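**Q** sequence? don't have it. structure:
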């Protein structure tokens with residue numbers, strides 16, 4: 001968010017410095033109806049607002065994804081009585097987060113894979129499977 005705000009302030013300063021006093025005085029007698037500094041500032045403000053909204057939406061989705069991964073790994077570790085080795089896949093589709101991973105792959109036994117689905121912060125389904133070689 002800080003780079004966006006810095007860019008907006010820099011654009012505002014640049015447009016105010018780019019309009020010298022002589023041009024402002026001449027503008028009083030001649031109206032061009034073209035793009036002026038106010039139009040540029042308004043454009044920068046609109047773009048900054050859109051970027052801020054997009055950033056807020058993106059961070060909210062990231063938080064929901066992180067919460068889904070935490071819920072699934074905690075449940076899988078508890079059910080399998082094994083530690084998490086890795087998360088292999090995370091996907092969002094139609095409001096559901098699907099998390100896939102491996103438990104205990106670094107131990108002496110066969111790794112246990114899990115697939116978990118979360119919706120609205122609650123575990124919707126959990127599947128554990130052990131692949132014996």
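**A** Structure's in. What do you need? Please read these numbers as outputs of a predicted model, since none were measured by experiment.
**Q** how far away is residue 35 from residue 42?
**A** 10 Å (Cβ to Cβ, to the nearest Å). Heads up, the C-betas are built off the backbone N, CA and C, glycines and all.
**Q** do residue 61 as well
**A** 29 Å.
**Q** return the set of buried residues in stretch 77-91.
**A** 77, 80, 82, 84, 85 (16 or more other Cβ atoms under 10 Å).
**Q** quick check, nearest of the residues you listed to residue 92?
**A** Among these, residue 84 lies closest to residue 92 (Cβ to Cβ), at 20.3 Å.
**Q** who's in contact with that closest one?
**A** 73, 76, 77, 101, 102, 103 (Cβ atoms under 8 Å, 6 or more residues apart in numbering).
**Q** what about residue 74, neighbour count?
**A** The local packing of residue 74 (other Cβ atoms under 10 Å) involves 13 other residues.
**Q** tell me the spacing between it and residue 104.
**A** The value you get for residue 74 to residue 104, if Cβ to Cβ is used, is 15 Å.
**Q** and residue 78, what element?
**A** Secondary structure from DSSP states H and E places residue 78 in helix 37-80.
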